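Engineer: sharing a sequence plus its predicted fold:
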Amino acid sequence: MRNLKRALSLGLTAAMISGLMVMGSSAASYADVTSEQNQEAIEVLQAVGIMVGDEKGNFNPDQNVTRNEMAVVMSNLMAYNVATYKNTSPFTDVPSWAEPYVAACYTNGITAGYSDTVYGGNDTVTTAQAALMVMKALGYFQYSSDFGSDWQLATVSQGNKIDLFEDVDSGVREAMTRNDLAQLVLNTLEAGTVEAETNGSISVGDITIVNDVKYNFVTSNRDYAYAISDKIPTSSTSATVGPIVELGEKLYQGDLTKEEDYDDFGRPANIWEYQAKEVGTFEDEADYTFTAKVTSKALYNEVGKTASENYTWSVYVNGDRVDDFSSNDLVKYKADDDSDFNAKQGGNKLTGNGVITEVFVDGTHETVTVAVMNQYAAEVLKVDEDDKDITLSALYGPARTTDTFDTTDFAEDDIVVYTYANGEIQSVQAAEKMEGEVTRVRTNTADGEEKDGDNFVVD
């Protein structure tokens, strides 16, 4: 009876945790950063030394950024030798620790003060202010005519054209958090550098009027220009021009690389490396997520007619590809709302309660990727404080006692829910404990694939 109660408790636990499991492929190096934050940006910026955490090992993603701190970030981004700028700032309100950073950004035209002597460094930096600084680093806004009658409007307009604000949640006039700033800076590293082209200028006294400013992407055929992206300018008429040089390529000359590939679960992902060492694998955000049985009708309706009937489909279970899946059969059974979408085609049942199914639709390449990830229960067998890892005793699932997972956040005998792919434990989550009276138990002995299996009712 004790074993039965234990099994029932674990089964309930696994079902409860299914919507809460953190499924990221890369463990965050900061204690206060999860996949709910801009983890990819935070990890990449830590690796290259642009934004780092505090002495307690926290990144403080929700903390607002001041203008003084923004000058530090920009100096790190541009790799200014800040020591050479010490005591050159014209501003009288900048503390000594920030002065060389502010001076470096001011001298290089990245930032300006509220007046000739006031910088306002303790004020929080707004999204518009930060965006203007990073776009100046890209080569934009070299002339006063670029700003028009409203500098914020001009900044936002140009930023939207180059996808600078993708995944940045703060408003134009709002203070930026460290989380949003990290994403803005990563977007900048992935943005193309530009050079200004003008149609002459007219000088009247001390005023110079520049005619028809145009910004053209910098391109190169050098190896480093392929490190992050190999995108060719749309205006290019010859492939010999080479791809656009992103800021991250210009600054790191090929030491910082990004590859679009797949993670161990088969999900589309970005793989970043710095100086030939992996920073992390960061999966794309799923377009649709299921935590129960996925029927043909549900899948067809969510993805839509065009993608269901015309795109190339790939289905993975714990990273292993399902070779016999056919999107033609999905369309054929699109009205079925009872069976698992793959079982309806005569294959194995793939989905159900506690199984996470993520769907990725790529309209550019006309592909659909379905990643099915099973969750299993285990007991923490050992916590190794020296190696900073744990081993599990699987109550069910493929984990072996020789498998380790990099964390010490658990104690021996803790019950956890884990995922597994590519011969490794991919994630471990603490199980939530519930107590109550088991009022009904059902053991399913039928052979049909579509039966729900063993289940029970508590209270």
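Structural biologist: Sure thing, it's come through.
Engineer: per-residue confidence for Met21?
Structural biologist: At Met21, the pLDDT value in this model is 46.
Engineer: again with Asn160
Structural biologist: At Asn160, pLDDT is 96.
Engineer: check which helix or strand covers it.
Structural biologist: Applying DSSP states H and E as the criterion places Asn160 in helix 151-161.
Engineer: tell me the first helix or strand C-terminal of that helix.
Structural biologist: Next element after helix 151-161 (DSSP H and E): helix 178-189.
Engineer: does anything pack onto the next helix-or-strand element following that next one? Which helices or strands?
Structural biologist: Beyond helix 178-189 on the C-terminal side, the first helix or strand identified by DSSP H and E is strand 194-197. Under the contact criterion of 3 or more C-beta pairs under 8 Å, 6 or more residues apart in numbering; DSSP states H and E, strand 194-197 touches strand 214-217. (Glycine included, C-beta is placed from N, CA and C.)
Engineer: helices or strands up against the following helix or strand past the strand it packs on?
Structural biologist: Along the chain past strand 214-217, the next helix or strand (assigned with DSSP H and E) turns out to be helix 247-252. Helices and strands touching helix 247-252, by 3+ C-beta pairs under 8 Å, 6+ apart, are helix 178-189, strand 256-262.
Engineer: how far away from the center of its chain is the first one?
Structural biologist: Just to be clear, that refers to helix 178-189. 11 Å (C-alpha atoms, centre = their mean, to the nearest Å).
Engineer: what does stretch 38-46 give?
Structural biologist: Worked out by C-alpha atoms, centre = their mean, stretch 38-46 lies 8 Å from the chain centre.
Engineer: try stretch 185-192
Structural biologist: 14 Å.
Engineer: buried residues in it?
Structural biologist: By 16 or more other C-beta atoms under 10 Å, the buried positions in stretch 185-192 come out as 185-192.
Engineer: pLDDT on it, on average?
Structural biologist: 98.
Engineer: quick check: mean pLDDT across stretch 317-333?
Structural biologist: Here the average pLDDT along stretch 317-333 is 94.
Engineer: just the CA trace of it, in PDB.
Structural biologist: In PDB, the C-alpha atoms belonging to stretch 317-333 read as follows (Å, rounded to 0.1, in the frame of the first residue of the first chain):
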ATOM      1  CA  VAL A 317       9.900  13.200 -29.500                       C
ATOM      2  CA  ASN A 318      12.600  13.900 -26.900                       C
ATOM      3  CA  GLY A 319      14.800  15.000 -29.800                       C
ATOM      4  CA  ASP A 320      14.200  11.800 -31.900                       C
ATOM      5  CA  ARG A 321      12.600  12.400 -35.300                       C
ATOM      6  CA  VAL A 322       9.300  10.700 -36.100                       C
ATOM      7  CA  ASP A 323      10.100   9.500 -39.600                       C
ATOM      8  CA  ASP A 324       6.600   8.300 -40.600                       C
ATOM      9  CA  PHE A 325       4.700  11.500 -39.800                       C
ATOM     10  CA  SER A 326       2.800  12.900 -42.800                       C
ATOM     11  CA  SER A 327       1.200  16.400 -42.800                       C
ATOM     12  CA  ASN A 328      -1.100  15.000 -45.500                       C
ATOM     13  CA  ASP A 329      -2.700  12.700 -43.000                       C
ATOM     14  CA  LEU A 330      -3.000  15.600 -40.600                       C
ATOM     15  CA  VAL A 331      -5.100  17.400 -43.200                       C
ATOM     16  CA  LYS A 332      -7.000  14.200 -43.800                       C
ATOM     17  CA  TYR A 333      -8.000  13.900 -40.200                       C
END
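Engineer: circling back: quick one: contacts of the helix holding Asn160?
Structural biologist: Helix 151-161 has contacts (C-beta atoms under 8 Å, 6 or more residues apart in numbering) with 128, 131-132, 135, 140-141, 146-148, 164-165, 172-173.
Engineer: please list only the buried members of those.
Structural biologist: Buried among those by 16+ other C-beta under 10 Å: 128, 131-132, 135, 140-141, 146, 164-165.
Engineer: now, which of those sits nearest Gln37?
Structural biologist: Ranked by distance to Gln37 (C-beta to C-beta), the buried ones among the contacts of helix 151-161 are led by Phe165 at 16.7 Å.
Engineer: all helices of the chain, in order?
Structural biologist: 2-17, 39-48, 67-78, 99-107, 127-138, 151-161, 178-189, 247-252, 296-303, 305-310, 327-332 (DSSP state H).
Engineer: Throw the ones you listed into JSON lines and include distance to Glu259, thanks.
Structural biologist: Below are these laid out as JSON lines (distance: least, C-beta to C-beta, whole Å):
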{"stretch": "helix 2-17", "distance to Glu259": "32"}
{"stretch": "helix 39-48", "distance to Glu259": "13"}
{"stretch": "helix 67-78", "distance to Glu259": "22"}
{"stretch": "helix 99-107", "distance to Glu259": "32"}
{"stretch": "helix 127-138", "distance to Glu259": "23"}
{"stretch": "helix 151-161", "distance to Glu259": "26"}
{"stretch": "helix 178-189", "distance to Glu259": "15"}
{"stretch": "helix 247-252", "distance to Glu259": "13"}
{"stretch": "helix 296-303", "distance to Glu259": "26"}
{"stretch": "helix 305-310", "distance to Glu259": "25"}
{"stretch": "helix 327-332", "distance to Glu259": "27"}
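Engineer: out of the ones you listed, which gets the lowest mean score?
Structural biologist: helix 2-17 (a mean of 44).
Engineer: residues in contact with Phe140?
Structural biologist: If you look again at residue 140, you'll see it is Tyr, not Phe. Per C-beta under 8 Å, 6+ apart, neighbours of Tyr140: 146, 158, 194, 215.
Engineer: equivalent analysis for Val359, please.
Structural biologist: Val359 touches 286-290, 299, 302-303, 368-371, counting by C-beta under 8 Å, 6+ apart.
Engineer: from these, list the buried ones, please.
Structural biologist: 286-288, 290, 299, 302-303, 368-371.
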